[in-house]
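>>> Could you look at this predicted model? Sequence included:
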Amino acid sequence: MLFPTRDETVVTIAANREVLLRDFRVPMPELASIRRAWDKRETYRLAEQMSIPTPRTWFPRVEADLRAISADGPFVVKPAIKEHFFYATGAKAWRADTRPQLIASFRRAAEIVSPEEIIVQELIPGGGQEQYAYCAFFRAGRAVASMTVRRRRQHPSDFGRASTYVETVCLPELAELSVRFLRAISYYGLVELEYKHDPRDNVYKLLDVNARTWGYHTLGRTAGVDFPYLLYRDQVGDQVDEVHARPGVRWVRLATDLPNAVRDIRAGTLRSLDYLRSLRGVDTEAVFSLRDPLPGFYEIALLPYLAVRRGL
């Protein structure tokens with residue numbers, strides 16, 4: 001049974017699904033459904049058709065199209081297909097506070113990817129307190145298992161590649177938005193939909209759809225929902241009853257959370273006492289476990305390598 005954990009792996013498996021099914025269980029939908037999540041142009045256009053809120057978004061084809069953007073900064077310049085951009089820059093997106101910065105970022109991005117893959121969005125204010133996600137095992141138009149979280153801290157802090165401190169919450173509004181989107185693309189399998197709460201209008205806005213498992217999936221098991229195991233049971237024909245994660249459960253990956261916290265404390269955006277208090281309530285650590293401590297020790301030993309090769 002194949003569990004993809006990276007976007008490019010998801011697309012490769014989906015594109016070769018029929019061949020792989022000869023020897024493997026492939027718990028994901030057809031490629032057409034995957035593309036609605038993988039290509040952000042399709043994600044945002046479908047969301048607009050369905051009246052699912054997103055940040056204000058533009059798809060400039062040439063530099064002159066930037067003049068049609070009537071909003072003021074700050075902006076986000078991001079790729080429609082993440083891996084085409086990320087492996088060349090090491091970043092998910094760039095921030096542009098002014099028009100000259102927006103133009104410069106567009107020119108730079110156009111040297112890396114096709115201009116048709118460049119997306120410009122308004123930057124929603126707020127940090128980790130405004131970052132949310134809806135996670136699910138989705139099947140036959142409903143969430144068999146689900147979990148809604150607030151991603152309080154991420155690495156890097158601005159446009160995070162990975163969450164570092166996450167807590168489960170109760171937000172039925174995100175479930176309703178997410179289920180509508182997933183039904184529209186006939187989705188099957190594990191999925192994470194990322195949102196940001198906009199304090200200006202009190203609206204949760206869709207940012208990304210990740211058609212795969214997510215880095216903090218072990219939080220689900222602690223909160224009562226073992227996502228990979230439930231998907232496995234479904235694949236082998238066992239009955240899977242509907243289950244939802246209980247709120248108030250916290251997860252941390254200290255190897256990335258601590259360096260981020262140190263930077264935020266130095267920048268004056270986080271108080272040391274507040275950070276220590278947040279750790280006091282943690283229910284599960286991403287890697288370290290007293291029952292099996294070696295992986296946690298190995299991760300510490302690998303920190304220099306991870307910092308250089310993967311940015312932690």
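That came through, no problem.
>>> you'd agree E63 is up against F106?
Yes: between E63 and F106 there is a contact at 6.0 Å, judged by C-beta atoms under 8 Å. Placement of C-beta: from N, CA and C, glycine included.
>>> Show me where the stretch 151-300 of the chain has its helices.
Under the criterion DSSP state H, counting those that start in this stretch, helices of the stretch 151-300 of the chain are mapped to 172-184, 218-222, 227-235, 254-267, 272-280, 294-301.
>>> Need the winner for burial among those.
The highest average neighbour count among those, using mean count of other C-beta atoms under 10 Å, belongs to helix 218-222 at a mean of 21.
>>> just checking, what packs against that one?
Packing partners of helix 218-222 (3 or more C-beta pairs under 8 Å, 6 or more residues apart in numbering; DSSP states H and E): strand 142-155, helix 227-235, strand 250-252, strand 284-285.
>>> so can I have CSV of the ones you listed showing mean pLDDT and distance to Q121?
Rendered in CSV, the data for the helices and strands packed on helix 218-222 read as follows (pLDDT from 0 to 100; distance: least, C-beta to C-beta, whole Å):
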stretch, mean pLDDT, distance to Q121
strand 142-155, 95, 17
helix 227-235, 97, 29
strand 250-252, 97, 28
strand 284-285, 94, 33
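>>> a markdown table please, covering those and showing distance to D7.
Below are the helices and strands packed on helix 218-222 laid out as a markdown table (distance: least, C-beta to C-beta, whole Å):
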| stretch | distance to D7 |
| --- | --- |
| strand 142-155 | 17 |
| helix 227-235 | 18 |
| strand 250-252 | 22 |
| strand 284-285 | 25 |
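>>> who wins for proximity to P74 among these?
Distances from P74 to each of the helices and strands packed on helix 218-222 were compared using C-beta to C-beta; the shortest belongs to strand 142-155, at 18.0 Å.
>>> tell me which strands and helices that closest one is in contact with?
Checking 3+ C-beta pairs under 8 Å, 6+ apart, strand 142-155 ends up next to strand 131-139, strand 162-169, helix 172-184, helix 218-222, helix 227-235, strand 243-244, helix 254-267.
>>> and of these, who's closest to Y275?
Checked against C-beta to C-beta, the stretch from the helices and strands packed on strand 142-155 lying closest is helix 254-267, at 4.8 Å.
>>> Looking at the closest one now, give me its mean pLDDT.
Helix 254-267 comes out with an average pLDDT of 88.
>>> then stretch 17-27 to PDB, C-alphas only?
Coordinates of the C-alpha atoms in stretch 17-27 are reproduced here as PDB (Å, rounded to 0.1, in the frame of the first residue of the first chain):
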ATOM      1  CA  ARG A  17      -2.200   4.600 -10.900                       C
ATOM      2  CA  GLU A  18      -3.400   1.800 -13.300                       C
ATOM      3  CA  VAL A  19       0.000   0.300 -13.600                       C
ATOM      4  CA  LEU A  20       0.700   0.500  -9.800                       C
ATOM      5  CA  LEU A  21      -2.600  -1.100  -9.000                       C
ATOM      6  CA  ARG A  22      -1.300  -4.400 -10.400                       C
ATOM      7  CA  ASP A  23       1.000  -4.700  -7.400                       C
ATOM      8  CA  PHE A  24      -0.100  -2.100  -4.800                       C
ATOM      9  CA  ARG A  25      -3.100  -0.600  -3.100                       C
ATOM     10  CA  VAL A  26      -3.200   3.000  -4.200                       C
ATOM     11  CA  PRO A  27      -5.600   4.900  -1.800                       C
END
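>>> got a list of contacts for that stretch?
Under the criterion C-beta atoms under 8 Å, 6 or more residues apart in numbering, residues 1-3, 13, 28, 30-31, 188-190, 231, 234-235 lie in contact with stretch 17-27.
>>> per-residue confidence for F297?
Predicted confidence (pLDDT) for F297: 77.
>>> State whether F106 is indeed within a helix.
Yes: F106 sits within a helix when classified using DSSP: H, G, I helix; E, B strand; the rest coil.
>>> got the contact list for the residue nearest the centre of the chain?
For the chain, the residue nearest the mean C-alpha position is E194 (5.1 Å; C-alpha atoms, centre = their mean). Remark: with contacts taken as C-beta under 8 Å, 6+ apart, E194 is in contact with 131-133, 151, 206-210.
>>> go with 7 Å
By C-beta atoms under 7 Å, 6 or more residues apart in numbering, the contact set of E194 is 133, 207-208.
>>> try D257
For D257, counting by C-beta under 7 Å, 6+ apart, the contacting residues are 153, 164-165.
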